[in-house]
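Colleague: Here's a sequence, model it:
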Amino acid sequence: MKVLWNDQIVDESEVKIDLEDRGYQFGDGIYEVIRIYDGYFYMEKEHLDRLWTSAEKIRLTLPFTRTELSQRLHRLAAEVGLANARIYFQVTRGTAKPRLHDFPDSAEVTPVLLADIQPATRPASKQNIGIQAGFVEDKRWLHCDIKSISLLGNLLALDEANQKGYDEAVLVRDGNVTEASASNLWMVSGGVLYTHPDGNLILPGIAKLKIRQLAKVLGIELREETFTKKELLAAEECFKTSSVAEIMPIVEIDDQTIGDGMPGPVTKKLLAAYIEAIELAVQAHQNEK
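Modeller: Below is the predicted model:
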């Protein structure tokens, strides 16, 4: 498989990571995942904007412009040739010797860019019936707004849910629901759509940006407010969103049925609109060629 290594496209076996790369030793880096539909990078600008925001928050100077990064990612996609895929790319701060906790001077290190592409398809069967989740205490750090490669807290939460037989973890901090293990979380209560407000406790999702737009177009009232476990269990609908999962209904939490145990009307309406928005964007891109 071909991958992107800094500014070169190479065979995966050729990539060499230094023992003292700060991403390897400290998790000192950031990442993004863009969904590719029929060769089109969906919401690419928003993903790159978030990468730069994350870089600023960890005081990482990226060694390329947005245009340069975009060109490299598109070169990789053309080389690999997968029409429907997800492209993962990360930037670590680079190698600094000796190993010290202090951030090295930016002039002394060169950030390392890596990217790969894997096939991806819409999880339609699960979207049609929904998934089961379990509540897990949100023990992650207080910088969840940074899309950091340090994901151990998220992995532990998902594993705890998996160990109990659930597909997903619904994270709870101080009594309030924050998000899922790697997705934003939503509920419908009294016909109103709710989700946790952006801030340091959740990641500002790219799919969440699109849901905001779609809710407005569809006339669905949206409130970005905190809600509790009790309020979520009493909700009519629940779903999670991410670039890869798109809109995924959650029909059961801690063995308690949400609504009637099937994807609800608001969820299905938003999913249909989300898929339509993708198809329109792809068509517009193809018409530009």
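
Colleague: who's in contact with the nearest residue to residue 4 once chain neighbours are set aside?
Modeller: The shortest distance from residue 4 to any residue other than its chain neighbours is 3.9 Å, reached at residue 115 (Cβ to Cβ, 6 or more residues apart in numbering). Any C-beta I mention is one placed from the backbone N, CA and C, and that applies to glycine too. For residue 115, the residues meeting the contact criterion (Cβ atoms under 8 Å, 6 or more residues apart in numbering) are 3-4, 72-73, 76, 87-90.

Colleague: Just those: which are in helices?
Modeller: Using DSSP state H, 72-73, 76 are the members of the contacts of residue 115 that sit in helices.

Colleague: Nearest to residue 210 among these?
Modeller: When the ones in helices among the contacts of residue 115 are compared for distance to residue 210 (Cβ to Cβ), residue 73 wins out at 20.0 Å.

Colleague: And for that closest one, the neighbour number?
Modeller: Residues within reach of residue 73, counting by other Cβ atoms under 10 Å, total 23.

Colleague: cool, and the one 5 residues further on?
Modeller: Taking other Cβ under 10 Å as the neighbour definition, residue 78 ends up with a count of 10.

Colleague: Name the helix or strand for it, please.
Modeller: helix 66-80 (DSSP states H and E).

Colleague: my read is residue 231 is in a helix, agree?
Modeller: Yes. The assignment for residue 231, made by DSSP: H, G, I helix; E, B strand; the rest coil, places it in a helix.

Colleague: so what's it up against?
Modeller: 187, 189.

Colleague: Now with 10 Å, please.
Modeller: For residue 231, the contact set (Cβ atoms under 10 Å, 6 or more residues apart in numbering) comprises 176-177, 187, 189, 194.

Colleague: Give me the buried positions along the helix holding residue 78.
Modeller: Neighbour-count burial for helix 66-80, with 16 or more other Cβ atoms under 10 Å as criterion, is recorded at 69-70, 72-73, 76-77, 80.

Colleague: what two of those residues are the furthest from one another?
Modeller: Spatially, the most separated pair among those is 69 and 80, at 16.7 Å (Cβ to Cβ).

Colleague: on that earlier part again, which other helices and strands does the helix holding residue 78 contact?
Modeller: Helix 66-80 makes packing contacts with strand 2-5, strand 8-11, strand 29-37, strand 40-41, helix 44-57, strand 85-92, strand 112-119 when contacts are defined by 3 or more Cβ pairs under 10 Å, 6 or more residues apart in numbering; DSSP states H and E.

Colleague: quick one: strands adjacent to the last one?
Modeller: In this case it means strand 112-119. Partner strands for strand 112-119, per DSSP bridges, with pairing direction: strand 2-5 (antiparallel), strand 85-92 (antiparallel).

Colleague: just to revisit the earlier point, would JSON lines of the contacts of residue 231 with neighbour count, distance to residue 241 and secondary structure be doable?
Modeller: Conversion of these to JSON lines gives the following (neighbours: other Cβ atoms under 10 Å; distance: Cβ to Cβ, whole Å; DSSP: H, G, I helix; E, B strand; the rest coil):
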{"residue": "176", "neighbour count": "17", "distance to residue 241": "18", "secondary structure": "strand"}
{"residue": "177", "neighbour count": "26", "distance to residue 241": "14", "secondary structure": "strand"}
{"residue": "187", "neighbour count": "24", "distance to residue 241": "12", "secondary structure": "strand"}
{"residue": "189", "neighbour count": "16", "distance to residue 241": "17", "secondary structure": "strand"}
{"residue": "194", "neighbour count": "22", "distance to residue 241": "13", "secondary structure": "strand"}
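
Colleague: Can you tell me which of these comes closest to residue 169?
Modeller: Proximity of those to residue 169, judged by Cβ to Cβ, is greatest for residue 177, which lies at 11.0 Å.
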